[in-house]
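1. fold the following, please.
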Amino acid sequence: MDVRMRVNRWTPARREMLNGHALSSGLIQGHFVVDGQGIDEPIPSLPGIHRQSVDVLRQRIAADVKMGLVGHMLFPVHPQEAKDSDGRLGLDGDGPMLRALRVLREDHGETVVLMADVCMCTVTDHGHCGHVVDGAIVNDETVATLAQMAVLAAQAGADYVGASDMMDGRVGAIRAALEDDGHHSTGVLSYAVKYASAFYGPFRDAAGSSPRTGDRRSHQMDPRASVNEAVMEAQLDEAEGADLLMVKPALAYLDVVAAVHAATRRPLAVYNVSGEYAMVHAQHPNVDERKGVVEEIMHAFHRAGASVIVTYHAREIFEQGWLGVQA
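-> Numbers count the residues shown, from 1 in each chain. Below is the predicted model of the structure:
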């Protein structure tokens, strides 16, 4: 089965994320999860965002949920010396992201929406999004590994697995792998339109995912590419069974967001990426000064067609009572 319409209706939290009347209903906070105990390490290039061990993250998300912030996306962070060229850490069922998913699902049941990043860039020593053979990133071998990673995330309790790699055919392969393993209610969040952007720097600092050589332009979209290419990418992923489509980055690509929204039928997400977030903090380090800027940006995403917004601003929006949130 390529499309399961029930996936996005499966839990009250998913229904509220996609259909809630408040813009804040669709906000998703990103988290960086590491091994260890008691780790709460600030990320200098991402003000207010920390790398956290599972025990600390558990407390942090409990406080978030109490405020009403129930959407969370997890990214694993591993020490460089533990990585290898094949990304075997991505298939370790005891990795920090998977342990966090299990704990959070146990803590919160179906009252939260948990999204898990599925990509090889954080688990390979070369930092690329897939297997590398003779200097080239190979597609089909990478897709097979990504499907295995997605199943592990589903087993751990993810509501959605985030296919962030931009390999051809990975949405269909992940959907099939989930079906074969009995995960009929797990959604596929496709980074359908992901650009080889200069806005990712702080994230790569946070996750240790920068390519050691070369770049990602052979698989991520060229920022100069036409909107037609973006629409085709999104339509292909929709046809393969994506439950959510994403455009990344968001702020510099609002024209693309609007075009994809008009040309597809699946719910649309945007990723307000690390560089966009860091720019706002650099210009407005005072929280009171940020309010108007952050609210204007969020409304722009929503107006362009996004019903889900992955943003590092999510927590402060809830903490400060912006966008009409009841703090």
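2. can you pull the pLDDT of residue 110?
-> Looking at residue 110, its pLDDT is 95.
3. what residues are up against it?
-> 11, 12, 13 (Cβ atoms under 8 Å, 6 or more residues apart in numbering). For the C-beta atoms, the positions are set from N, CA and C on the backbone; glycine is no exception.
4. apart from its chain neighbours, what residue comes closest to the last one?
-> Put plainly, it is residue 13. Leaving out its chain neighbours, the residue that sits closest to residue 13 by Cβ to Cβ, 6 or more residues apart in numbering is residue 113, at 4.8 Å.
5. kindly report the same for residue 281.
-> Distance criterion Cβ to Cβ, 6+ apart; nearest residue to residue 281, sequence neighbours excluded, is residue 47 at 4.5 Å.
6. separation between that neighbour and residue 248?
-> From residue 47 over to residue 248 the distance is 21 Å, taken as Cβ to Cβ, to the nearest Å.
7. residue 314 now?
-> Distance, residue 314 to residue 248, using Cβ to Cβ: 16 Å.
8. hang on, the earlier thing: mind checking the SS state of the residue nearest to residue 281?
-> Three-state call for residue 47 (DSSP: H, G, I helix; E, B strand; the rest coil): coil.
9. circling back: how close does the residue nearest to residue 13 sit to residue 158?
-> Look at residue 113 and residue 158: by Cβ to Cβ, they are 9 Å apart.
10. need the contact partners of the helix or strand residue 59 falls within.
-> For residue 59, the element it lies in under DSSP states H and E is helix 54-67. Under the criterion Cβ under 8 Å, 6+ apart, residues 29, 31, 33, 37-40, 50, 52, 70, 72, 96, 99-100, 103-104, 107-108, 111-112, 315, 318-319, 327 lie in contact with helix 54-67.
11. one step back: residues near the residue nearest to residue 281, how many?
-> When neighbours are defined as other Cβ atoms under 10 Å, residue 47 has 15 of them.
12. pretty sure it is touching residue 274, no?
-> No - when contacts are counted by Cβ atoms under 8 Å, residue 47 is not listed as touching residue 274 (10.7 Å).
13. tell me the helices and strands packed up against the helix or strand hosting residue 193.
-> In the assignment (DSSP H and E), residue 193 maps to strand 187-194. Helices and strands touching strand 187-194, by 3 or more Cβ pairs under 8 Å, 6 or more residues apart in numbering; DSSP states H and E, are strand 160-163, helix 170-180, helix 227-240, strand 244-248, helix 254-263.
14. mind redoing it with 7 Å?
-> Identification of packing neighbours for strand 187-194 by 3 or more Cβ pairs under 7 Å, 6 or more residues apart in numbering; DSSP states H and E yields strand 160-163, helix 170-180, helix 227-240, strand 244-248.
15. wait, which of the ones you listed is closest to residue 22?
-> Nearest of those to residue 22, taken as Cβ to Cβ: strand 244-248 at 18.7 Å.
16. spit out the contact partners of residue 4.
-> By Cβ atoms under 7 Å, 6 or more residues apart in numbering, the contact set of residue 4 is residue 184.
17. do the same with residue 158
-> Listed by Cβ under 7 Å, 6+ apart, the contact set of residue 158 reads 101, 114, 115, 116, 186.
18. my read: the last one touches residue 153, true?
-> Pointing back at residue 186 there. No - with contact defined as Cβ atoms under 7 Å, residue 186 does not count as touching residue 153 (8.1 Å).
19. can you put the contacts of residue 158 in TSV and add distance to residue 78 and neighbour count?
-> As requested, those are exported to TSV (distance: Cβ to Cβ, whole Å; neighbours: other Cβ atoms under 10 Å):
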residue	distance to residue 78	neighbour count
101	16	26
114	20	23
115	19	26
116	15	27
186	24	26
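20. contacts for the lowest-mean-pLDDT helix or strand in the chain?
-> Lowest by mean pLDDT, DSSP states H and E among the helices and strands of the chain is helix 201-207, with a mean of 76. With Cβ under 7 Å, 6+ apart as the test, helix 201-207 has contacts from 32, 43, 45-46, 49, 51, 75, 77, 122, 210, 273-275, 278.
21. can you give the distance from stretch 10-24 to the centre of its chain?
-> Relative to the mean C-alpha coordinate of its chain, stretch 10-24 is positioned 17 Å out (Cα atoms, centre = their mean, to the nearest Å).
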